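Participant: Turn this into a structure:
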Amino acid sequence: MKIQCKQCGALLAVTSPDAYISCPYCGAKAVVDGYSGENFLHRPALSQKDVLRLFESGSTASVSIYWFPFDLDTLKKTFTQPYAEMENYQPPSADRRLWNESDIQGTIVPVDPELVGDHGVLYHPFWIVISASTALGTIVDGVSGRKLGETADTVSSNGLEPVREAFFAFLKGVVPAFLVFFVMKGVSVFWASVFGLSAAVAAPILWEKYGKGSKQ
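Facilitator: Alright, predicted model coming up:
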């Protein structure tokens with residue numbers, strides 16, 4: 001719902017069922033009549049620590065949460081900030097709560113009066129991660145963990161690639177264990193099993209410590 005300020009003529013977006021609205025341009029108070037809509041928010045599923053796990057250690061300069069407004073009925077964006085990745089993005093289903101601005105941490109993206117509907121606004125959380133090397137930002141859906149710009153079929157619901165992760169886990173742990181076992185099997189099955197299990201534990205640790213370092 002939109003009303004026009006009687007003092008300066010600015011078009012104002014009504015996104016709260018309060019009886020009065022204050023014009024951000026001239027400060028005049030206007031009476032809201034006939035608005036029965038309510039605002040909602042989607043509860044974030046990912047914490048800041050969860051988001052950081054989606055990126056290489058030490059590669060991020062900052063991580064901040066933003067609340068972007070969407071139409072309550074159509075889930076179309078009701079903001080005009082130039083985020084190309086969000087042009088046609090619709091947020092996924094999530095735990096919906098009544099909006100209470102006093103309980104929200106982070107930045108609230110303002111609603112565009114030309115885009116807001118009559119039934120209310122749904123605020124969806126997004127994490128914006130700034131790269132330490134390029135200073136460029138990556139937008140991560142705060143519910144699904146999806147990095148905007150990536151295709152949905154290559155990213156799991158928590159933002160990881162399960163097939164790739166399982167394959168590398170197999171290479172780093174299981175393969176060394178089998179090699180040690182078969183090399184020592186002729187000496188003693190018992191000791192081959194012991195050293196094979198040790199290799200399964202030690203190999204991933206050594207890979208994390210020396211494998212990544214050799215690539216940098």
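
Participant: Residue 42: what's it in contact with?
Facilitator: By C-beta atoms under 8 Å, 6 or more residues apart in numbering, residue 42 lies in contact with 91, 94, 95, 96, 97, 122, 123, 124, 125, 142, 143. The C-beta positions use only the backbone N, C-alpha and C, and glycine is treated the same way.

Participant: try 10 Å this time
Facilitator: The neighbourhood of residue 42, defined by C-beta atoms under 10 Å, 6 or more residues apart in numbering, consists of 67, 70, 91-97, 122-125, 141-143.

Participant: Filter the residues you listed down to the buried ones, PyMOL style.
Facilitator: Buried subset of the contacts of residue 42, written as a PyMOL selection, criterion 16 or more other C-beta atoms under 10 Å:
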select buried, resi 67+70+91+94+122+123+124+125+141+142+143
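
Participant: Take the contacts of residue 42 and keep only those in strands.
Facilitator: Within those, residues falling in strands by DSSP state E are 67, 70, 96, 97, 122, 123, 124, 125, 141.

Participant: Settle this for me: the third one is touching residue 75, isn't it.
Facilitator: No - applying C-beta atoms under 10 Å as the test, residue 96 and residue 75 come out as separate, 11.7 Å apart.

Participant: Common neighbours of the two, please.
Facilitator: Here residue 96 and residue 75 have residue 122 as joint contacts, going by C-beta under 10 Å, 6+ apart.

Participant: For the chain, which residues score under the pLDDT cut-off?
Facilitator: Within the chain, the ranges that satisfy pLDDT under 70 run 1-2, 13-21, 30-37, 118, 150-173, 185, 204, 207-216.

Participant: Break it down into its domains, please.
Facilitator: 2-31, 40-154, 162-215 (automatic domain parsing).

Participant: All the strands of this structure, in order from the start?
Facilitator: Under DSSP E, the chain gives strands at 2-4, 11-13, 20-22, 29-31, 40-42, 60-71, 96-98, 107-108, 121-131, 137-141.

Participant: can I get those strands in CSV with distance to residue 50?
Facilitator: What follows is the strands of the chain, written out as CSV (distance: least, C-beta to C-beta, whole Å):
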stretch, distance to residue 50
strand 2-4, 37
strand 11-13, 32
strand 20-22, 36
strand 29-31, 41
strand 40-42, 15
strand 60-71, 10
strand 96-98, 19
strand 107-108, 19
strand 121-131, 9
strand 137-141, 9
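
Participant: Tell me which of these sits nearest to residue 186.
Facilitator: strand 60-71 (49.1 Å; C-beta to C-beta).

Participant: Quick check: buried residues in the closest one?
Facilitator: Going by 16+ other C-beta under 10 Å, strand 60-71 has these buried residues: 60, 63, 65, 66, 67, 68, 69, 70, 71.

Participant: Give me the angle between that strand and strand 137-141.
Facilitator: 50 degrees (axes from the mean of the first three to the mean of the last three C-alpha atoms, to 10 degrees).

Participant: Tell me how many other residues surround residue 28.
Facilitator: Taking other C-beta atoms under 10 Å as the criterion, the count of residues near residue 28 is 14.
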